[in-house]
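1. quick one: sequence and predicted model below, then my questions.
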Amino acid sequence: MRLRFPGTTAFALCVCVLLAVAGPAAADENSDVGTLVAGAVQPAIAQYGIPGMAVGIVVDGRSYVYNYGVMSKATGQPVTDETLFEIGSISKTFTATLASYAQATGHLSLADSASRYLPVLRGSSFDRVSLLNLGTHTSGGLPLQLPDEIQNDAQLMRYFQTWKPLCEPGACRTYSNPGIGLLGVIAAKSLHADFAALMERRLFPMLGLQHAYIDVPATETTHYAQGYTSADAPVRMAPGVLAPEAYGVRTTARDMTRFVADNMGLFALDPTLQRALVATHTGYFGLGAMTQDLIWEQYRYPAALQDLLAGNSGRMSLQANPATRLTPPLRPQDDVLINKTGSTYGFGAYVVFIPKKKLGVILLANKNYPIAARVTTAYSILTKLEAEVAKAR
């Protein structure tokens, strides 16, 4: 198959939309990109019983969105460009961007201790935990989740006051919602505004996102997909302490293609925001083949599928892993593969892109299906697109 793009390689960025439903491919799925995507995602949709999926593609300077299935099994309403998905921990990349922007505008320094910005934590272990540690999961052993009994901010601060690290900050990586959540709280505090308001009224619009929310407004609820657990029970994300900062974004595949394009420098953004975005790709810690950026995770390009599967495995997300500090930090690179997974009880998402190639893949599904399947599917699309683009030039 040879990719056929309209015009020259300098053709302006466009969005081509495809609606595919269960069963035979839609009639207009005759574009090469659409055929390639369908061939990769439809087996996963069938194998895991995924009700609906939206796939965003950035390739050779253009964006595409392909929609499959339904946003609700009860109503049969199809997935469209307006369908909102929970993106889970991919939300952390937006929190990291906000913190990086706060640093770029002089409101905080990632080198500072967390307790500098939260006096209530002075004298606690957070005197030795930097904001950078929070944004790289290297605080010293913060858990994946908060204890269930923490239901408000006062209880949260009491928990942090008494928390004791398992290892020295920077010595081990433990994937943590409380860590990035605390960074989001501090970033918002430094900018003198509420976190959700900063995201919805400032950061998302600056990034060019039109349908990204922390709190889905009433006018958008009809576009909010119903999520399904791995056992097919309907579920949506419930409110929780640090949920907005750690995993609370709902958005569309179209907006996520824009965000990936922003991260690859394909749009002219506010210069300070652009510097902040690029800075989130700085490598700070090494963990085997994976380099820990500010939330983003990167690999040398070309990256092997087995390395991506290892870096996105349960061992990496559920266990403490030794981390090697990179001194000096690895400056942002184009010749890398950058990725992030995201899950809630009812949704599964994955983002991967290669800045040098201007290639990206976004998978959003309204079912929590295995991460390994997401990584494998996206990797297949990415490598095939890369090969076809090389042939087309």
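-> Now that the structure is in, tell me what you want to look at.
2. residue 365 reaches residue 50, doesn't it?
-> Yes - counting by C-beta atoms under 8 Å, residue 365 does reach residue 50; the two are 5.0 Å apart. Bear in mind the C-beta positions are built from the backbone N, C-alpha and C, glycine included.
3. more neighbours, the two?
-> Comparing residue 365 with residue 50 by other C-beta atoms under 10 Å, the one with more neighbours is residue 365, at 31 against 23.
4. the more buried one bridge partners, please.
-> With beta bridges defined as DSSP bridges, residue 365 has these partners: residue 53, residue 348.
5. can you check the pLDDT for it?
-> If you check residue 365, the pLDDT there is 98.
6. now for the residue nearest to residue 317 when sequence neighbours are not counted, how many residues are close by?
-> Closest residue in space to residue 317, ignoring its immediate chain neighbours: residue 175 at 4.5 Å, by C-beta to C-beta, 6 or more residues apart in numbering. A count of nearby residues for residue 175, using other C-beta under 10 Å, gives 19.
7. do the same with residue 222
-> Neighbourhood size, residue 222 [other C-beta under 10 Å]: 12.
8. need the contact list for it.
-> Going by C-beta atoms under 8 Å, 6 or more residues apart in numbering, residue 222 touches no other residue.
9. quick one: it is in a strand?
-> No - counting by DSSP: H, G, I helix; E, B strand; the rest coil, residue 222 is not found in a strand; it is helix.
10. what's the spacing between it and residue 72?
-> 10 Å (C-beta to C-beta, to the nearest Å).
11. list residues touching both of the two?
-> Counting by C-beta under 8 Å, 6+ apart, nothing touches both residue 222 and residue 72.
12. run a quick neighbour tally on residue 147.
-> Using other C-beta under 10 Å, residue 147 is surrounded by 9 other residues.
13. once you drop chain neighbours, what's closest to the residue of the chain positioned farthest from its centre?
-> Ranked by distance from the centre of the chain (C-alpha atoms, centre = their mean), the top residue is residue 123, with 33.4 Å. Leaving aside its chain neighbours, residue 123 sits nearest to residue 115 (7.7 Å; criterion: C-beta to C-beta, 6+ apart).
14. give me the phi and psi for that neighbour.
-> phi -70, psi -20 (degrees, to the nearest 10).
15. over to residue 287?
-> phi -140, psi 80.
16. same check, this time on residue 286
-> Main-chain dihedrals, residue 286, degrees, to the nearest 10: phi -100, psi 140.
17. what's it in contact with, if anything?
-> Neighbour list for residue 286: 292, 323, 324, 326 [criterion: C-beta under 8 Å, 6+ apart].
18. with residue 74 instead?
-> 226, 234.
19. which residues of the stretch 151-300 of the chain fall in helices?
-> 153-162, 177-190, 195-198, 204-206, 243-247, 253-263, 271-279 (DSSP state H, counting those that start in this stretch).
20. what about the residue lying closest to residue 166 once chain neighbours are set aside, how many neighbours?
-> Spatial nearest neighbour of residue 166, chain neighbours left out: residue 141 (3.1 Å); criterion: C-beta to C-beta, 6+ apart. Residue 141: 21 surrounding residues under other C-beta under 10 Å.
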